[in-house]
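Student: Need a 3D model of the sequence below.
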Amino acid sequence: MESVVSEVLSANINNIDVSLIYRYPDDANDSDWKWIVGRSGLSGGAELKRFIEDPSTLYFNLINGRCDNPIFCNDKSTSSLYSPGRRDRLFGCQGSYFAINLECRNASSVLVEAVLLLSTYGINFVSIDGDAENVDSFKLTLQHVIVPPFVSLLQTEFAALYMRHNWDDVKRVNLGELDCCVEEG
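Tutor: Alright, predicted model coming up:
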């Protein structure tokens, strides 16, 4: 995703960061949020738990449905939800972000919850001097062209992650020539 966005923005890939956190919401023994990728924007090794539990943060508000999902911000410096990290301060808080709640579910419950955060440093998705039409156009492209294929891949990976995590609850069955896994219910 970083390379696609860097190409679209004609920006250095080092100015783009993708973070992904996840949890198993129905697992009493393992329902804490975890990093799966990214965290370079955070300062001083800040604990993920703080970002999840602090009502002033983007993660808290997105997870608890207190802001748009997905949320798009072309100018981080104007966001009341975004907590600037070390990299943000290196670039004077210039940048943009896009965040979205994701789920992997079966017919009856959410198996894996996740939050994907795409953040830029030193560049904005659209020039701050740009007009609202350009911002809206990029937002639409990001939400409907760039992100969806990655979301599909992530949901497939979440299903595999869930199965590996819950292997004791998954049985191997042989359906004729098909060998597949089925969750016990």
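Student: Which helix runs longest in this protein?
Tutor: helix 147-165 (DSSP state H).
Student: Identify each buried residue in that helix, please.
Tutor: Val147, Phe150, Leu154, Glu157, Phe158, Leu161, Tyr162 (16 or more other CB atoms under 10 Å). (Glycine included, C-beta is placed from N, CA and C.)
Student: Could you pull out the strands in the protein for me?
Tutor: Secondary structure of the chain by DSSP state E: the strands cover 16-23, 34-37, 71-73, 97-105, 110-120, 170-175, 178-183.
Student: other SSEs contacting the first one?
Tutor: In this case it means strand 16-23. Counting contacts by 3 or more CB pairs under 8 Å, 6 or more residues apart in numbering; DSSP states H and E, strand 16-23 packs against helix 2-9, strand 34-37, strand 110-120, helix 147-165.
Student: Now do the third one: distance to the chain's middle.
Tutor: The reference is to strand 110-120. Relative to its chain's centre, strand 110-120 lies at 3 Å (CA atoms, centre = their mean, to the nearest Å).
Student: CA atoms only: put that strand into CSV for me.
Tutor: What follows is strand 110-120, C-alpha atoms only, in CSV (Å, rounded to 0.1, in the frame of the first residue of the first chain):
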residue,chain,number,x,y,z
VAL,A,110,-16.8,-10.6,14.4
LEU,A,111,-13.7,-12.8,14.5
VAL,A,112,-11.0,-10.2,14.0
GLU,A,113,-11.3,-6.4,14.4
ALA,A,114,-8.6,-4.1,13.0
VAL,A,115,-7.7,-0.5,12.3
LEU,A,116,-5.7,0.5,9.2
LEU,A,117,-4.0,3.9,9.4
LEU,A,118,-2.3,5.4,6.4
SER,A,119,-0.2,8.4,7.3
THR,A,120,2.1,10.8,5.4
